[in-house]
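Trainee: structure of the sequence below:
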Amino acid sequence: MSRLDVNTLRHTAGSADNITLDNSQNVTIEGNLTVDGTLSGVTLGTPGISSSSSGDVITIDANHHTMFRSVTSNVDTRNVSGISLKSPSGITFRSFGANGSRNWRIRPDDLGGWSDLDFSCAPTDGSSDIPDVAADNVLSLQGDTKDVVVANGNLILGTSGKGINFSAHGNAGGMTSELLDDYEVGTFTPSWNTGSASSAMMSAAAYESHTNGKYIKIGNFVSFTIVIECSSHTSRSGTQVILAGLPFTSENSDAKGGAYFTIAEGVSNNIENANVTIRQQNNASYLQFFKTNGAYFLADTTGASWNDKLEIAGHYWAG
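Mentor: Residues are numbered from 1 along each chain as shown. Alright, predicted model coming up:
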């Protein structure tokens, strides 16, 4: 066995030491470390990577924890740069297999404005396609306006009951909620209350093709329009007019809502029928017709014609 004992091993060029290996097992490199090939089997113990002038820059300890100088739980980082990355390509997260995963990239000053931070995704699967055009942008953080822009898709709220919170705005004294948690637009099929029950206004009815209903729901507030006209029907006597088929059940309160006529051909043939009001029933998905004196408006009222068109608009609070 051969052995060479020295306190310090140096490689010197000119007046400066390029590489120094001392008896404390420290290696000092003046300049850059270049690896031509694969670097393996490198162990960084405590303190890890050090700078003799300013202390440890990066420390990797025996428990595999990585510590960056000035970026710890014990240091106020508001006035320091923290971890800085200056690269025109940003950070790329590579696809890890042919299983539908795609490449992602986070890059500043890129596909939108010069002050933006863009999150983009490749349009195709696999590892070779890197997102590089505006159509690949998923989310953009606007540095100048402080806006968040969903560039090419929708903002989807994945949990029922969650939404947009407007609590930063002022509110009236009776405010009960500042969370917008629902929005939808759709259609429904209105119909008269028919059947064999004693409360049915008709035993049967057929409808013209233009009979339809449309609604918009914002939070719990529902606005709707209805066009209804029978092509044929069998009326019953002495029963209240009830229009069924609303898209949501109303809340159980006295201030739930109501409706009004925009075209009232079917109920405006005499003075009695001209004073009809429409009420939304509690905890129900139908409308009730009344006279202005509070009495029921009946299906067989003189002058009422259910083969004529009715157009109705209204709104109510859904339960």
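Trainee: what residues go with each domain of the protein?
Mentor: Following automatic domain parsing, one gets these domains for the chain: 8-68, 91-150, 183-317.
Trainee: mean pLDDT and distance to residue 164 for those - can I get that in JSON lines?
Mentor: C-betas here are computed from N, CA, C, even on glycine. JSON lines is the format used below for the domains of the chain (pLDDT from 0 to 100; distance: least, C-beta to C-beta, whole Å):
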{"stretch": "domain 8-68", "mean pLDDT": "61", "distance to residue 164": "36"}
{"stretch": "domain 91-150", "mean pLDDT": "84", "distance to residue 164": "12"}
{"stretch": "domain 183-317", "mean pLDDT": "87", "distance to residue 164": "10"}
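Trainee: could the ones you listed go into CSV alongside mean neighbour count and distance to residue 159?
Mentor: Formatted as CSV, the domains of the chain follow (neighbours: other C-beta atoms under 10 Å; distance: least, C-beta to C-beta, whole Å):
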stretch, mean neighbour count, distance to residue 159
domain 8-68, 10, 34
domain 91-150, 15, 18
domain 183-317, 16, 15
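Trainee: can you redo those as TSV with distance to residue 168?
Mentor: Below are those laid out as TSV (distance: least, C-beta to C-beta, whole Å):
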stretch	distance to residue 168
domain 8-68	34
domain 91-150	13
domain 183-317	18
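Trainee: out of these, nearest to residue 161?
Mentor: Closest approach to residue 161 among the domains of the chain is made by domain 183-317 (11.5 Å; C-beta to C-beta).
Trainee: need the phi and psi values for residue 135.
Mentor: When read as degrees, to the nearest 10, the backbone of residue 135 gives phi -70, psi -20.
Trainee: who touches the closest residue to it other than its chain neighbours in this structure?
Mentor: Nearest non-adjacent residue to residue 135, counting by C-beta to C-beta, 6 or more residues apart in numbering: residue 152, 6.1 Å away. Contact partners of residue 152, counting by C-beta atoms under 8 Å, 6 or more residues apart in numbering, are 135-138.
Trainee: confirm residue 152 sits in a helix?
Mentor: No. Counting by DSSP: H, G, I helix; E, B strand; the rest coil, residue 152 is not part of a helix but coil.
Trainee: any idea how far residue 164 is from it?
Mentor: Distance of residue 152 to residue 164, given as C-beta to C-beta, to the nearest Å: 20 Å.
Trainee: following the helix or strand residue 187 falls within, which helix or strand shows up next?
Mentor: Per DSSP states H and E: residue 187 is located in strand 183-188. Per DSSP H and E, the first helix or strand lying C-terminal to strand 183-188 is strand 191-192.
Trainee: now the helix or strand following that following strand, how far from the centre of its chain.
Mentor: Next along the chain after strand 191-192, taking DSSP H and E as the criterion, comes strand 202-207. Here the centre of strand 202-207 is set off from its chain's centre by 43 Å, with C-alpha atoms, centre = their mean, to the nearest Å.
Trainee: next: stretch 131-145.
Mentor: Relative to its chain's centre, stretch 131-145 lies at 17 Å (C-alpha atoms, centre = their mean).
Trainee: quick check: closest non-adjacent residue to residue 251.
Mentor: residue 319 (4.0 Å).
Trainee: any idea how far residue 139 is from residue 145?
Mentor: Separation of residue 145 from residue 139 (C-beta to C-beta): 15 Å.
Trainee: residue 173 too?
Mentor: From residue 173 across to residue 139, the span is 38 Å (C-beta to C-beta).
Trainee: and what of residue 289?
Mentor: Using C-beta to C-beta, residue 289 is found at 51 Å from residue 139.
Trainee: would you map the strands across the stretch 151-300 of the chain?
Mentor: 164-165, 179-180, 183-188, 191-192, 202-207, 212-218, 221-228, 230-235, 242-244, 257-264, 276-280, 286-291 (DSSP state E, counting those that start in this stretch).
Trainee: got JSON lines for these, with distance to residue 131 too?
Mentor: JSON lines is the format used below for those (distance: least, C-beta to C-beta, whole Å):
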{"stretch": "strand 164-165", "distance to residue 131": "28"}
{"stretch": "strand 179-180", "distance to residue 131": "32"}
{"stretch": "strand 183-188", "distance to residue 131": "30"}
{"stretch": "strand 191-192", "distance to residue 131": "51"}
{"stretch": "strand 202-207", "distance to residue 131": "52"}
{"stretch": "strand 212-218", "distance to residue 131": "35"}
{"stretch": "strand 221-228", "distance to residue 131": "40"}
{"stretch": "strand 230-235", "distance to residue 131": "57"}
{"stretch": "strand 242-244", "distance to residue 131": "52"}
{"stretch": "strand 257-264", "distance to residue 131": "48"}
{"stretch": "strand 276-280", "distance to residue 131": "51"}
{"stretch": "strand 286-291", "distance to residue 131": "52"}
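Trainee: which one of the ones you listed lies nearest to residue 128?
Mentor: Set against residue 128 and scored by C-beta to C-beta, the strands of the stretch 151-300 of the chain come closest in strand 164-165, at 38.6 Å.
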